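Q: below are the sequence and a predicted model for it; my questions follow.
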Amino acid sequence: MTTVEDSVRTMTAPAGSPRPSALERVLRAREISIVLAIALLVLVTAVGHPSFVKSQSIRDILLGTAIMVVLAVGQTIVVVTRNIDLSVGSVLGLAAFAAGTLLMDHPGTPIIIAVLVGMAVGAGCGLVNGLLVRFGDVPALVVTLGTLYVYRGVAYLWAGGQQINADELPDGFLSFGTSTILGVPYLALIAVAVLVAAGIVLRSYPAGRQLYALGSSPDGARLAGIPIGRRTLAAFLASGTLAGLAGVLFAARFGTVDAAAGTGYELNVVAAVVVGGVAIFGGSGTVWGAALGALLLTTIGSALPVLGVDQFWQQAIVGALILLAIGIDRLIAARVAAALKKRGSHVR
Amino acid sequence: MSADGNRPAGTRLAGANPAGIAAGAALPPGGDARPRGAAGRGARLGRLASWDLGVVVLAVLTIVVASGTVENFSTSRNFTFLVLDLLPIALIALPMTFVIVTGEIDLSVASTLGLSSATMGYLWNQGLTIETIIPLCVVLGAVLGAVNGLFVTVFRLPSLAVTIGTMALFRGLALVVLGDTAVADFPARYTDWVTGTIGGSAVPNVLIPLAVLAALFGVVLHATPVGRWSFAAGASEHAARFAGIRVGRLKFWLYVVTGAVAGLAGVLWTLRYSSARADNGAGLELAVVAAVLLGGVSIFGGRGTLPGVVGGVVLLAALQNALRLSDVSNESLNVVTGALLVVSVLVPNLIRRTRSAFARTRHRPAPLSPPPLPGS
């Protein structure tokens, strides 16, 4: 106990501005530990089963991660504002079905149009969430738990048991979902583009910083003149739009879409985000961490069957990781706070 | 249907902000520590009663309209099915009312139900007697509830995040226990009792224990210290602590009870359908939370009545039953349930907003905080 507090103190002591440095180090430690966990997992799996590091299975992991990263970026944007979006899995399903239907009925449609239609559907869903949270004063949890089922139900009403199969989709769209440039799938490139764009906006632009301020202290943000209503709306809009994009990527990757597409994804996304160090209380965390969390979860998902672990364990592991991550967050927050308090008393 | 306008002042703060994912649990200390408004107890009871009354009237209206328009709705056979359908929702809604009144939430109840059901099937396959298995499953539920309670009260984690985690964990463990198989050969004596009716009437056997439990929870909430502590903890945790209420201990045991009841609901679910499956009750947390909020319980804690919740459960179940009889699919039903969940929080909020807007134009008090500045 003392050693940890001491080490936190020594970490904070030498720097000119101790506070951000301590925080930075803690965050970096989280990201490094995820990278180490991924490396260890890949190593252990690859030693016993060399086929795990073949390009085929790596590509599968990258494709799966790409979809999860797009969702996780959107979720991070919402969670840093101290909100949550549980409807992303249903939005993904709805957008996937919309894009699939469009391409099935009009095979000549350019892919970019399908992508835009999927994103528009997602944006519409996100807008409804955001308006209810902003103007209805309804907690995000309640709104998105409700719309989780509403959007899913709409998909069922629309699809009515119908399934879009790969042979009904244009070849160009399917190859967009699976083909690669220099071994890197298109989908992964799109995910990286989304990640970098969101990362830069959240790190260096006023609008991005205001999201953190809003999640860190809503009252403080209001007094500082931040248009919190508009920022909240924008966060949900972004999350919905990205879930829509993820839906199109989902359709392109699997080629098979029905009304159940993406069911239960919200749990994996929330897990990826909190494992990646985004505080569920809002106000802290990065999209980079969330992306690493998504990579870790997808790698676990791929490694389990290779290691001969029953696939049924996967969801239990997701749940355990969520609890572990929020537990560690609380522990770190408490220790940093204690260390800062101690420093404060020295100064006085 | 005139709704509250009487939330604790602190929650108005939280509500006006886009905050509150954890239903007040994540509010900064001090923000929620303000006392209730000066509204008298009588006026408060009057308003609550009117919301309760509205829900009950709406439930009765739904039943009357459905009886007239939906074929087979008013048959005695359908009444039996209606009660059997609302049984798991009603059971879990009872302790969930307490949990939400204290300002917390439990999203893991459906997964607890599933794990209880899966464990029941597993133990039955192992050759245990049903008389041993049933109490074991209830105890299992209590243990799972204790896990939630531990994380929320001892580690002080937000209940929303904890129960999202245990929602995945418990459902995952259910899959580990039973995989995607089903166990079906439970003794007919028990399955018949659960689906059976009292002496050939339309009243299902299970309605008796349900009514007893509802009465018990109602008395505890409205006429015992435990109920008053729950309201106090939900209205202002700080004030409750200063008043000497052991808020942590209270919440811990509320989670234990919720888990135990969800475990019992898992047993009854399994016996009703004669099928133990890992995915039993998936998505039920939506219906439970929707019914509780529909019944007038504030998602911010500190406010609600048990008769209102019973009204909410009946309204929801009657609506679902009528739609199902009209050949609406289960998935489409979720549209209605999800929308009801949002509306049951949205409508009171909008009414309160409109009211306070009127009040402001009449009284023009000094604003507490400067209005939000435009632009950035």
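A: Alright, I've got the coordinates.
Q: and residue B:292, what element?
A: Assigned by DSSP states H and E, residue B:292 falls within helix B:284-294.
Q: report the rounded mean pLDDT for that helix.
A: For helix B:284-294, mean pLDDT is 92.
Q: could I get the phi/psi values of residue B:283?
A: Taking degrees, to the nearest 10, you get phi 90, psi 0 for the backbone angles of residue B:283.
Q: how about it: what's its closest non-neighbour residue?
A: residue B:110 (6.4 Å; Cβ to Cβ, 6 or more residues apart in numbering or on different chains). Glycine gets a C-beta too; all of them are placed from N, C-alpha and C.
Q: follow-up on the earlier one: measure how far the helix holding residue B:292 is from the centre of its chain, please.
A: Mean-position distance between helix B:284-294 and its chain equals 5 Å (Cα atoms, centre = their mean, to the nearest Å).
Q: flag every buried residue along that helix.
A: Under the neighbour-count criterion of 16 or more other Cβ atoms under 10 Å in any protein chain shown, helix B:284-294 has B:284-294 buried.
Q: all helices of chain A, in order?
A: Using DSSP state H, the helices found in chain A span residues A:2-12, A:18-48, A:55-79, A:88-105, A:111-136, A:140-159, A:171-178, A:186-204, A:206-216, A:218-223, A:228-254, A:265-275, A:287-307, A:313-347.
Q: can I get these in TSV with mean neighbour count?
A: Listed next are these as TSV, based on neighbours: other Cβ atoms under 10 Å in any protein chain shown:
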stretch	mean neighbour count
helix A:2-12	14
helix A:18-48	15
helix A:55-79	25
helix A:88-105	27
helix A:111-136	21
helix A:140-159	25
helix A:171-178	17
helix A:186-204	18
helix A:206-216	20
helix A:218-223	19
helix A:228-254	27
helix A:265-275	28
helix A:287-307	22
helix A:313-347	17
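Q: rank these by mean pLDDT and give me the bottom one.
A: Of all the helices of chain A, the minimum mean pLDDT falls on helix A:2-12 (a mean of 40).
Q: please name the nearest non-neighbouring residue to residue 226.
A: Looking at chain A here, since you left the chain open. Distances taken as Cβ to Cβ, 6+ apart place residue A:210 nearest to residue A:226, at 4.7 Å, with adjacent residues excluded.
Q: think we crossed wires, I meant chain B
A: Distances taken as Cβ to Cβ, 6+ apart put residue B:220 closest to residue B:226, at 5.5 Å, once the chain neighbours are dropped.
Q: I'd say that neighbour and residue B:229 touch.
A: No: using Cβ atoms under 8 Å, residue B:220 is not in contact with residue B:229, being 10.6 Å away.
Q: who touches the residue most central in space within chain A in this structure?
A: Compute the mean C-alpha point of chain A, and by Cα atoms, centre = their mean the closest residue is residue A:72, 0.8 Å away. Counting by Cβ atoms under 8 Å, 6 or more residues apart in numbering or on different chains, residue A:72 touches A:269, A:272-273, A:276, A:287, A:290-291, A:293-294.
Q: tell me which two of those residues sit farthest apart.
A: A:269 and A:287 (12.5 Å; Cβ to Cβ).
Q: reformat the contacts of residue A:72 as TSV; add distance to chain B.
A: Formatted as TSV, those follow (distance: Cβ to the nearest Cβ, whole Å):
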residue	distance to chain B
A:269	11
A:272	12
A:273	10
A:276	14
A:287	19
A:290	15
A:291	20
A:293	14
A:294	15
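Q: quick one: which of these is nearest residue B:124?
A: The nearest one, if we look at the contacts of residue A:72 relative to residue B:124 and count by Cβ to Cβ, is residue A:269, at 35.8 Å.
Q: roughly how far does residue B:113 sit from chain A?
A: Distance of residue B:113 to chain A, computed by Cβ to the nearest Cβ, to the nearest Å: 15 Å.
Q: can you give me the neighbour number for that residue?
A: By the measure other Cβ atoms under 10 Å in any protein chain shown, the count of residues near residue B:113 is 35.
Q: give the buried residues for the helix or strand harbouring it.
A: Per DSSP H and E, residue B:113 falls inside helix B:109-125. Within helix B:109-125, the residues that count as buried by 16+ other Cβ under 10 Å are B:109-124.
Q: now stretch B:55-74
A: Quick answer for stretch B:55-74 (16+ other Cβ under 10 Å): B:55-56, B:58-59, B:62-63, B:66, B:70, B:73.
Q: from those residues, which single one is nearest chain A?
A: Closest approach between the buried residues of stretch B:55-74 and chain A, by Cβ to the nearest Cβ: residue B:55, at 17.1 Å.
Q: check contacts around the closest one.
A: B:294-296, B:308, B:311-312, B:315 are the contacts of residue B:55 under Cβ under 8 Å, 6+ apart.
Q: JSON lines please, covering the residues you listed and showing secondary structure and distance to chain A.
A: Output for these, formatted as JSON lines (DSSP: H, G, I helix; E, B strand; the rest coil; distance: Cβ to the nearest Cβ, whole Å):
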{"residue": "B:294", "secondary structure": "helix", "distance to chain A": "11"}
{"residue": "B:295", "secondary structure": "coil", "distance to chain A": "14"}
{"residue": "B:296", "secondary structure": "coil", "distance to chain A": "14"}
{"residue": "B:308", "secondary structure": "helix", "distance to chain A": "17"}
{"residue": "B:311", "secondary structure": "helix", "distance to chain A": "19"}
{"residue": "B:312", "secondary structure": "helix", "distance to chain A": "14"}
{"residue": "B:315", "secondary structure": "helix", "distance to chain A": "16"}
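Q: how about the residues of the stretch 1-150 of chain A that lie near chain B?
A: Counting by Cβ under 8 Å from any Cβ of the partner chain, the residues of the stretch 1-150 of chain A close to chain B are A:81-84, A:132-134, A:136-143, A:145-150.
Q: so where's the stretch 1-150 of chain B uncertain?
A: B:1-49 (pLDDT under 70).
Q: strands along that one, start to end?
A: Taking DSSP state E, counting those that start in this stretch, the stretch 1-150 of chain B contains no strands at all.
Q: which residue ranges of it form helices?
A: B:9-16, B:41-69, B:76-101, B:109-125, B:130-149 (DSSP state H, counting those that start in this stretch).
Q: possible to save those helices as TSV with distance to residue A:194?
A: Formatted as TSV, the helices of the stretch 1-150 of chain B follow (distance: least, Cβ to Cβ, whole Å):
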stretch	distance to residue A:194
helix B:9-16	32
helix B:41-69	44
helix B:76-101	36
helix B:109-125	31
helix B:130-149	35
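Q: skip the chain neighbours and tell me the closest residue to residue B:329.
A: residue A:156 (6.5 Å).
Q: do I have it right that the one you found meets residue A:263?
A: No: look at residue A:156 against residue A:263 with Cβ under 8 Å: they stay out of range, at 10.8 Å.
Q: show me where the stretch 251-376 of chain B has helices.
A: For the stretch 251-376 of chain B, the helices defined by DSSP H, counting those that start in this stretch cover B:284-294, B:306-325, B:330-363.
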